[in-house]
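*Asks:* What follows is a predicted protein model with its sequence.
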Number of protein chains: 2
Amino acid sequence: MRIAQVAPLAESVPPMLYGGTERVVSWLTEELVTQGHQVTLFASGDSETSAILAPSVPQGLRLAGVRDHTASLLVMLNDVLHREDEFDVIHFHVDLLQFPLFQDLFHKCITTLHGRLDLSDFHPIFKAFPDMPLVSISDAQRLPLPHQVNWMATISHGFPPNLHPLNSPGGEYLAFLGRIAPEKRPDRAIEIAKRAGIPLKIAAKIDPSDQDYFKHVIEPLLDHPLIEFIGEIADAEKSIFLGNALALLFPIDWPEPFGLVMIEAMSTGTPVIAWRIGSVPEVIDEGVTGFIVDSIEAAVNAVRTVRNLNRLAVRQRFEARFTSTKMAKSYLEVYERLLSGRKPSQTRQNTARSDAHVA
Amino acid sequence: MRIAQVAPLAESVPPMLYGGTERVVSWLTEELVTQGHQVTLFASGDSETSAILAPSVPQGLRLAGVRDHTASLLVMLNDVLHREDEFDVIHFHVDLLQFPLFQDLFHKCITTLHGRLDLSDFHPIFKAFPDMPLVSISDAQRLPLPHQVNWMATISHGFPPNLHPLNSPGGEYLAFLGRIAPEKRPDRAIEIAKRAGIPLKIAAKIDPSDQDYFKHVIEPLLDHPLIEFIGEIADAEKSIFLGNALALLFPIDWPEPFGLVMIEAMSTGTPVIAWRIGSVPEVIDEGVTGFIVDSIEAAVNAVRTVRNLNRLAVRQRFEARFTSTKMAKSYLEVYERLLSGRKPSQTRQNTARSDAHVA
């Protein structure tokens, strides 16, 4: 199949540092190439790919100091538009600029929504273009959209199984990995660790906008023998940090559409203790890959029983549900359904669970 | 002529409070209707116009609390696109989203650029679409654009002559009207007034982002018998505030593409003392409607001679160059040139001066 992957331009594909979307686009692109498809990747010129790279700008825009990405994105989308007959399917990973521009080509277009949909500023575009084929990254992500749209599937993120290998013994500390931000609730992680009497290691970056929160809310909590703040860690250090943990704490307080770090932990065999919000109940298999909780008390109880979970079983569930091979297979199924003109499926595409439902 | 005017959605047309662009769109639209044209105004639903209103959103987006205007603008532009055969000319006052969407209709499109062009984030769109017919609001506005584009004309803003009537006696204070912001240089205005020994009245709003600047830089300068800070004034109070002044001080420190307040002062007969930057040398006729200066000292000297200027002559020059009738006439000439397929003119469209040039 001749496939165009259209990435955001904020970061290169894969990103130099952060950039969840660009990372997922890279994993999908590489897997589609491996499976023998002819893939063209529209992305910044410093991207690295085994697909054909169509560079739009020399460098990822954030590190290039470009604040308003609109002009660069419009130029890239216009390039895609003028080359549309080279592709069987055009797969967008950008938010909304493509909707009016590609309205006559929806029969071969698909947009994966990578962001939250509970901010109403974007809703008018979904109302105006209800036929754009869409993929959600969790079923929960869809809930805030008040309009009928053309959902084709929910497809979980996935990455190569060798990226974060199984670490079968595990370890004796709790891990928190991400950003220091109010909605990530590192304060909850600290309280859980203190109450459970288990060490907590916090590997997290602090964005400039979150400095105040760190200084006034989190820093005063760090002065405790069980709590260790190790700052930001590189991508390459994640496997060891996560793999050596007893469990990952994911006590978020916002409807995160997909929490990549949960499946990164699972990949190393480390189970996840997470709050019941956003994508969490879809990602964690209760009692197998972790525990879903609603309170500090429940989280502390989960910490006490989490060592009973079988780390090999955690890893196996990761392999069954969240590899890039599985993600690419799900997307190919959607591409084929799109091209055959069939109606959107009413079942989720990427899980073997029986509780599948779509909006 | 059947004309579509496409306004930004940030404010209603005309705006409830601020909104230079929406004010200009309103003046142009009303004048075109007066001249017998069939005008459709694409704008927020709380706009008031004698044209046919095509409401895109119920209310101006800023006051409605919408932060990201992209989705609403795209939906409006798509509406315009689907109705394009109802219009002879489509006149955009929005930044850049229309470029790819209307690329097959450039023969009947015109975009007035209302903002500064020295920020390079937008440049890729001008490079990719060099054929979009463009109007600048001053020649100086064009200078930062590194690419060849399709300039049709420079057209000054204009408003109805009865909006700010002539106040022939004038007054004995200097006026500063605008925002308290570093690039507006109220500190220069204060120093000029103190050195000249003439009272200064400062009528200005303070945006939240400029509170620090006000508190630390400007407020300490206000404690002086000649300086009076009167805060923000309503649009209806402008005529009296400007008309009762000896001169308007416009000591800006950034390349403002068009300073509306300069022609508001001229309309009341009040001359302008302004720094040589941006549109200033194109708007002020040296020795007739004011003085163009490069230093505090030159400004102080200008204050001492400004009362020799004839206020009736200032008003007459305003009437000759900056009315909405004149602005609409200039735009109609551009519309007609566009429709007849003629090449862009090499002369400015809106001034009788002989130093006309275009990029």
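*Replies:* It's in. Numbering: from 1, shown residues only, chains lettered A, B, ... in the order given.

*Asks:* And the helices in chain A?
*Replies:* With helices called from DSSP state H, chain A shows them at A:20-34, A:70-82, A:98-101, A:123-128, A:139-142, A:186-196, A:211-213, A:238-243, A:260-267, A:280-283, A:296-305, A:311-321, A:324-339.

*Asks:* Most tightly packed of those?
*Replies:* Highest mean neighbour count of the helices of chain A: helix A:260-267, a mean of 25 (counted as mean count of other C-beta atoms under 10 Å in any protein chain shown). Every C-beta, even on glycine, is put in place using the N, C-alpha and C of the backbone.

*Asks:* Tabulate the helices of chain A (JSON lines), appending mean pLDDT.
*Replies:* Conversion of the helices of chain A to JSON lines gives the following (pLDDT from 0 to 100):
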{"stretch": "helix A:20-34", "mean pLDDT": "96"}
{"stretch": "helix A:70-82", "mean pLDDT": "98"}
{"stretch": "helix A:98-101", "mean pLDDT": "98"}
{"stretch": "helix A:123-128", "mean pLDDT": "96"}
{"stretch": "helix A:139-142", "mean pLDDT": "96"}
{"stretch": "helix A:186-196", "mean pLDDT": "97"}
{"stretch": "helix A:211-213", "mean pLDDT": "94"}
{"stretch": "helix A:238-243", "mean pLDDT": "95"}
{"stretch": "helix A:260-267", "mean pLDDT": "97"}
{"stretch": "helix A:280-283", "mean pLDDT": "97"}
{"stretch": "helix A:296-305", "mean pLDDT": "97"}
{"stretch": "helix A:311-321", "mean pLDDT": "98"}
{"stretch": "helix A:324-339", "mean pLDDT": "97"}
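
*Asks:* what's the closest of those helices to residue B:100?
*Replies:* Proximity to residue B:100 (C-beta to C-beta) singles out helix A:70-82 among the helices of chain A, at 4.4 Å.

*Asks:* what about the strands in the stretch 51-200 of chain A?
*Replies:* Per DSSP state E, counting those that start in this stretch, the stretch 51-200 of chain A carries strands over the ranges A:52-55, A:89-92, A:109-112, A:133-136, A:150-154, A:173-179, A:200-205.

*Asks:* Can you tell me which of those is most buried?
*Replies:* Highest mean neighbour count of those: strand A:89-92, a mean of 26 (counted as mean count of other C-beta under 10 Å).

*Asks:* any idea how far residue A:298 is from residue A:13?
*Replies:* Distance, residue A:13 to residue A:298, using C-beta to C-beta, to the nearest Å: 39 Å.

*Asks:* Same question for residue A:231.
*Replies:* 29 Å.

*Asks:* just to revisit the earlier point, how about JSON lines for the strands of the stretch 51-200 of chain A, with mean pLDDT added?
*Replies:* Listed next are the strands of the stretch 51-200 of chain A as JSON lines, based on pLDDT from 0 to 100:
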{"stretch": "strand A:52-55", "mean pLDDT": "98"}
{"stretch": "strand A:89-92", "mean pLDDT": "98"}
{"stretch": "strand A:109-112", "mean pLDDT": "98"}
{"stretch": "strand A:133-136", "mean pLDDT": "98"}
{"stretch": "strand A:150-154", "mean pLDDT": "97"}
{"stretch": "strand A:173-179", "mean pLDDT": "95"}
{"stretch": "strand A:200-205", "mean pLDDT": "95"}
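
*Asks:* Mind checking those for the one nearest to residue B:276?
*Replies:* strand A:52-55 (41.9 Å).

*Asks:* who does that closest one touch, helix- and strand-wise?
*Replies:* Applying 3 or more C-beta pairs under 8 Å, 6 or more residues apart in numbering or on different chains; DSSP states H and E, one finds that strand A:52-55 contacts strand A:38-43.

*Asks:* Now the strand it packs on: buried residues?
*Replies:* Neighbour-count burial for strand A:38-43, counted by 16 or more other C-beta atoms under 10 Å in any protein chain shown, picks out A:39, A:40, A:41, A:42, A:43.

*Asks:* Touching, the second one and residue A:1? I think so.
*Replies:* No: the pair residue A:40 and residue A:1 fails to qualify as a contact (C-beta atoms under 8 Å) at a distance of 11.5 Å.

*Asks:* So which residues on chain A come close to chain B?
*Replies:* With C-beta under 8 Å from any C-beta of the partner chain as the criterion, chain A meets chain B at residues A:57, A:66-72, A:74-75, A:77-78, A:81, A:96-97, A:99-101, A:103, A:119-125, A:127-128.

*Asks:* thinking again about what came up before, now render the strands of the stretch 51-200 of chain A as a markdown table, adding distance to residue B:250.
*Replies:* Listed next are the strands of the stretch 51-200 of chain A as a markdown table, based on distance: least, C-beta to C-beta, whole Å:
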| stretch | distance to residue B:250 |
| --- | --- |
| strand A:52-55 | 45 |
| strand A:89-92 | 46 |
| strand A:109-112 | 48 |
| strand A:133-136 | 51 |
| strand A:150-154 | 53 |
| strand A:173-179 | 45 |
| strand A:200-205 | 45 |
